[in-house]
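>>> A predicted structure for the sequence below; I have some questions about it.
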Amino acid sequence: METVQAHLEILQEDPETALAVRLAATIGLRRNEIAGLRWAHIDLDEGLVSITEGITVTPGQGASVTSTKTGHHGHGVLSIDEGLVAMLRDAYDNLEKVAADLGEDVPSDAYVFSSGPLHEKPINPDTLTKRLRRHMDRHPEIPSFTLKDLRAFTATMLEATGADITTAQAVLRHASGQTTMRHYRAARMDRVRGATVELGQLIGGV
């Protein structure tokens with residue numbers, strides 16, 4: 001948690017990358033789902049995000065819209081916190097200002113992340129990865145992570161806050177609960193190791 005928060009603090013200077021990290025860390029979006037997220041999928045008043053599409057880039061063919069991974073939890077509508085809603089509102093307000101400067105309206109099917117001024121085309125998922133990697137390279141003093149790592153982070157934090165395995169599986173939209181359980185086991189072992197360290201410190205009078 002401290003690592004994610006430290007990077008988000010620095011990333012205030014790069015709001016778009018910060019938003020990608022926040023979405024991945026909070027609701028466990030996959031990289032291709034972040035790229036495929038459209039403003040039409042987000043209800044800012046209700047604080048809801050619908051996960052229905054992803055972006056796949058094939059060499060020689062370019063980007064294509066795909067459905068999210070199959071499975072019982074392949075699609076989902078998830079609630080988001082007020083802080084994330086505020087970040088999304090700022091991003092949409094900025095897009096509206098850019099569109100107004102161009103004498104245009106924001107397209108109804110605009111993407112949240114895009115390299116174009118009106119966000120008519122999705123961003124390449126690799127671009128998200130490269131941006132985050134560049135940020136990490138500039139800050140070697142803080143442990144690094146990838147967008148994929150943040151799905152494990154989401155599972156770990158859900159477990160730490162008392163969410164059961166079924167809830168975590170639904171949030172992460174894993175077809176199999178076994179994938180979620182791997183993160184749960186890792187989280188529990190961290191607590192086990194931490195508990196023995198704390199016990200040793202008590203014994204040693206630290």
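It's in. Here the structure is a predicted model, which is why all the values come from computation and not from measurement.
>>> any figure for the gap between residue 82 and residue 93?
16 Å (C-beta to C-beta, to the nearest Å). Every residue, glycine included, has its C-beta placed from N, CA and C.
>>> hmm, I typed the wrong one, I wanted residue 116.
18 Å.
>>> of the two, who's got more company?
residue 116 (13 against 10; other C-beta atoms under 10 Å).
>>> can you pull the phi/psi pair for the more buried one?
For residue 116, the backbone dihedrals (degrees, to the nearest 10) come out as phi -90, psi 150.
>>> burial count for residue 124?
17.
>>> give the contact list for it.
35, 55, 57, 63, 115 (C-beta atoms under 8 Å, 6 or more residues apart in numbering).
>>> ok, the residues you listed vs residue 136, which is closest?
Closest approach between those and residue 136, by C-beta to C-beta: residue 35, at 19.1 Å.
>>> my guess is that closest one contacts residue 121. True?
No. The pair residue 35 / residue 121 is not scored as a contact, 10.4 Å apart, by C-beta atoms under 8 Å.
>>> so what sits against both of these two?
residue 111.
>>> between these two, which is the more surrounded one?
residue 35 (27 against 14).
>>> got the contact list for the residue nearest the centre of the chain?
With distances taken as C-alpha atoms, centre = their mean, the residue of the chain nearest its centroid is residue 24 (1.1 Å). Neighbour list for residue 24: 31, 34, 147, 150-151, 154 [criterion: C-beta under 8 Å, 6+ apart].
>>> do that again at 6 Å, thanks
Applying C-beta atoms under 6 Å, 6 or more residues apart in numbering, we find residue 24 in contact with 147, 150.
>>> against residue 15, how distant is the closest residue to residue 51 other than its chain neighbours?
Spatial nearest neighbour of residue 51, chain neighbours left out: residue 76 (5.0 Å); criterion: C-beta to C-beta, 6 or more residues apart in numbering. Applying C-beta to C-beta, the value for residue 76 to residue 15 is 25 Å.
>>> this completes my enquiry, with thanks.
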